[in-house]
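Student: Build me a model from this:
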Amino acid sequence: MIIRSLTLLTVLLCAALTTSAQLSVVTFVHSSPEPSLRVIDLYISQAGVITKVDDIAFQKGSNLEGVAIFGDIEVTLSVAPSSSVGISESVYESTFTPMADKGYMAVFTGVRKVSDYVANPEKKSIELAITAYEVPNENSDPNKTAVYFFHGASDLEAGDIWPRGAAKAAATNVGFMGRTATAVVLDRKATVIDFTKVGDKSKVLASFNVDLAGLGSNILVCVVSGFKTPNDNAKSTDTLALLNVLEDGRIVRSPLIAGSQKSRVQVVHASADPAFGVVDLWLNGVKTFDNVAFRKASAFVDAPANTPLVIGLAPATSTAYKDTIATITLEPLRPQRTYTIVALGVSDTSKFAKNPDGVAPGFRLLVLDGALEKNSTTKTGVRTLHAVTDAPTVSFASSKVSYATKLSYGSATPAYIETEPATDTVWMNDGEGKKLKGFLCDFRGAARATMMIATGFADPSKNGGGPALAVILVDPNGTVNSNIQAIDPPGETSVDDDVIVTGATRLHPNPSSDVAEIFIPLTETPLAPSFSIIDVRGTEVRSGTLSPASGGFVAGISVDSLSVGSYQVVIRTITGRILATSTLVIGR
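Tutor: Numbering: from 1, shown residues only. This next block holds a predicted model:
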């Protein structure tokens with residue numbers, strides 16, 4: 001409904017204008033997701049004439065039919081809540097001067113309380129705004145459509161716009177409130193429009209189906225509307241959509257294609273329950289992970305974002321979704337984010353020991369946001385998770401690095417802790433700092449990111465004889481080092497308390513091809529230390545005892561059957577205390 005308000009003077013003025021001035025065409029699009037303005041009234045003010053257009057809903061529009069907007073005269077667009085009684089109730093207004101005989105878009109975007117919403121990735125203002133601009137008619141072919149684009153989604157980063165199958169992008173680096181100045185002319189047929197990362201069309205952020213044949217419009221303005229991550233924006237439910245504005249002002253909405261937004265996901269099996277020894281995992285009805293065993297993991301894969309993720313667990317022999325024995329529905333993942341999903345806990349809690357802290361040990365899927373596929377520096381990034389159902393709150397630390405402090409069962413560090421890319425002895429300590437168990441962890445690797453997960457049972461005898469406590473390292477490519485050597489803590493007194501390393505450990509020759517000699521300078525001790533040689537997977541490939549020599553202990557090791565590569569040499573006392581570690585390179 002359109003209502004005009006005129007005074008006698010403005011009536012006379014308008015009468016004069018209509019005889020001498022030419023009109024402009026303005027199409028108004030409501031793309032503001034502001035909850036208090038789901039339906040608005042629009043006031044158009046020009047030359048003292050105020051015209052009201054009632055009840056324009058969110059993601060709807062009006063070509064302001066019946067409103068005379070004259071060219072070359074300033075016009076003000078004022079937005080008020082629905083059912084307003086006058087222009088004084090307006091919450092936002094914007095003024096521009098249209099040219100005669102030109103067509104314009106006026107797109108209403110933004111929100112009122114910006115603190116409740118995700119900041120724009122390019123730091124642009126997300127406050128209420130009306131962007132008014134000319135849309136030229138650049139199409140003379142009745143079998144084609146001239147398509148323009150406008151970016152109206154405040155939390156969506158700048159991107160490129162690709163008609164699916166096109167040789168080049170329709171637009172590049174279009175950011176919030178940005179628009180294309182020239183049209184891309186497309187055949188009138190069903191077309192998929194992809195919004196991608198800048199410079200990388202393979203990284204699709206959103207996709208929309210647009211039936212250009214069915215729309216039959218000579219000119220089309222496509223407005224990206226809604227939110228990339230609705231739930232993060234004041235708990236909105238407005239997912240991304242493409243508003244196709246026809247030349248007569250009508251809007252045809254193209255919803256986001258289901259599954260077109262992606263997240264990256266890695267699945268880790270850390271449930272020590274024998275009932276879940278080896279499982280298949282089905283994601284939204286599709287078998288995505290086959291035969292995942294305890295202490296194994298997948299590589300990172302793409303998973304649907306902005307839609308509930310239904311994960312079904314099935315026996316390793318499953319052939320159809322109906323074979324699942326349990327399903328868990330996860331909250332929608334956020335687009336372009338990276339997650340680790342860890343299976344932990346037990347199926348029947350009555351058959352297993354209770355958690356000392358009272359944490360429920362039932363089976364569940366733990367979703368960890370902020371996973372890394374690669375560390376941002378040359379050091380190794382380590383994220384720690386406590387997945388031992390019958391263990392108390394613990395901390396993980398070495399002599400140099402605190403990896404995690406006071407982790408209860410089922411919790412993980414919120415971020416990765418950086419450490420040197422080397423072997424480190426990590427101790428699991430109780431709440432009072434007492435050492436419970438040590439683990440010789442190999443953190444070598446350039447810019448490596450890894451998950452350090454405590455798995456199994458602290459007391460297998462009270463958990464149906466299940467697997468014992470062990471730490472595993474899970475890498476982004478799905479490689480799991482589950483052969484990490486455990487070290488018992490030293491007792492109150494130890495026969496090797498007085499053993500002191502008096503100098504540097506020597507490996508000769510290094511690199512070696514057939515025989516390598518290890519020498520460690522030690523104070524005199526009646527009990528000879530032992531050595532282990534460990535490969536990059538954490539497997540012990542050689543071990544033995546060193547013999548007394550002048551000033552220390554020595555051993556000659558045959559390495560001719562070892563593969564070319566890098567190995568860790570670990571020297572321990574008889575009680576397991578690590579005296580030294582060195583790197584041995586095998587080359588031929």
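Student: contacts and neighbour counts: CA atoms only from here.
Tutor: OK.
Student: Residue 412 contacts residue 384, correct?
Tutor: Yes: under the criterion of C-alpha atoms under 8 Å, residue 412 makes contact with residue 384 at 5.5 Å.
Student: Compare the two (neighbour count), which wins?
Tutor: Set side by side, residue 412 and residue 384 show more neighbours around residue 384, with 25 against 22, by other C-alpha atoms under 10 Å.
Student: Now do the phi/psi pair for the more buried one.
Tutor: In this entry, residue 384 is assigned phi and psi values of phi -110, psi 140 (degrees, to the nearest 10).
Student: now it, which residues is it bridged with?
Tutor: Partner residues in beta bridges with residue 384, using DSSP bridges, are residue 452.
Student: ok, now which ones touch it?
Tutor: Applying C-alpha atoms under 8 Å, 6 or more residues apart in numbering, we find residue 384 in contact with 403, 404, 412, 413, 416, 451, 452, 453.
Student: Tabulate the CA atom coordinates of stretch 192-203 in PDB.
Tutor: Written as PDB, here are the backbone C-alpha positions of stretch 192-203 (Å, rounded to 0.1, in the frame of the first residue of the first chain):
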ATOM      1  CA  VAL A 192      24.700 -22.800 -10.600                       C
ATOM      2  CA  ILE A 193      26.300 -19.700  -9.200                       C
ATOM      3  CA  ASP A 194      29.400 -20.400  -7.000                       C
ATOM      4  CA  PHE A 195      30.800 -17.900  -4.500                       C
ATOM      5  CA  THR A 196      34.400 -18.900  -3.900                       C
ATOM      6  CA  LYS A 197      37.500 -17.800  -2.100                       C
ATOM      7  CA  VAL A 198      39.400 -15.100  -3.900                       C
ATOM      8  CA  GLY A 199      41.700 -16.600  -6.400                       C
ATOM      9  CA  ASP A 200      40.700 -20.200  -5.800                       C
ATOM     10  CA  LYS A 201      37.500 -21.400  -7.500                       C
ATOM     11  CA  SER A 202      38.000 -24.900  -5.900                       C
ATOM     12  CA  LYS A 203      37.200 -23.400  -2.500                       C
END
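Student: what comes up buried for that stretch?
Tutor: 192, 193, 194, 195, 196, 197, 198, 201, 203 (16 or more other C-alpha atoms under 10 Å).
Student: Also stretch 255-266?
Tutor: Neighbour counts over stretch 255-266 (16+ other C-alpha under 10 Å) mark 255, 256, 257, 260, 261, 262, 263, 264, 265, 266 as buried.
Student: The fourth one and residue 306 touch, don't they?
Tutor: Put plainly, it is residue 260. No: assessed by C-alpha under 8 Å, residue 260 is found out of contact with residue 306, at 9.3 Å.
Student: Name all residues that make contact with the residue nearest the centre of the chain.
Tutor: For the chain, the residue lying nearest the average C-alpha position, counting by C-alpha atoms, centre = their mean, turns out to be residue 337 (1.1 Å). Under the criterion of C-alpha under 8 Å, 6+ apart, the contact partners of residue 337 comprise 263, 264, 369, 370.
Student: correct me, but the second one touches residue 336?
Tutor: Yes: using C-alpha under 8 Å, residue 264 and residue 336 qualify as a contacting pair, with a distance of 7.0 Å.
Student: Okay, and the beta partners of residue 412?
Tutor: Taking DSSP bridges, one finds residue 385 as the beta-bridge partners of residue 412.
Student: Mind jotting down where the helices sit in the stretch 201-350 of the chain?
Tutor: For the stretch 201-350 of the chain, the helices defined by DSSP state H, counting those that start in this stretch cover 212-215.
Student: Oh, that last question was meant for the stretch 401-550 of the chain, not what I typed.
Tutor: So, for the stretch 401-550 of the chain - with DSSP H, counting those that start in this stretch - there are no helices.
Student: residue ranges of the strands in it, please?
Tutor: 402-407, 417-419, 423-429, 435-442, 449-455, 470-474, 480-481, 485-487, 506-508, 515-521, 530-534, 540-545, 547-549 (DSSP state E, counting those that start in this stretch).
Student: Can you check which of those strands gets nearest to residue 60?
Tutor: Among the strands of the stretch 401-550 of the chain, the nearest to residue 60 by C-alpha to C-alpha is strand 449-455 (46.5 Å).
Student: show me the residues around residue 542 that make contact.
Tutor: For residue 542, the residues meeting the contact criterion (C-alpha under 8 Å, 6+ apart) are 532, 533, 534.
Student: and the last one, what is it in contact with?
Tutor: This means residue 534. Neighbour list for residue 534: 540, 541, 542, 567, 568, 569, 570 [criterion: C-alpha under 8 Å, 6+ apart].
Student: Confirm the fifth one sits in a strand?
Tutor: Which is residue 568. Yes: secondary structure of residue 568 (DSSP: H, G, I helix; E, B strand; the rest coil): part of a strand.
Student: Surely it touches residue 580?
Tutor: No: taking C-alpha under 8 Å as the definition, residue 568 is not a contact partner of residue 580, at 10.4 Å.
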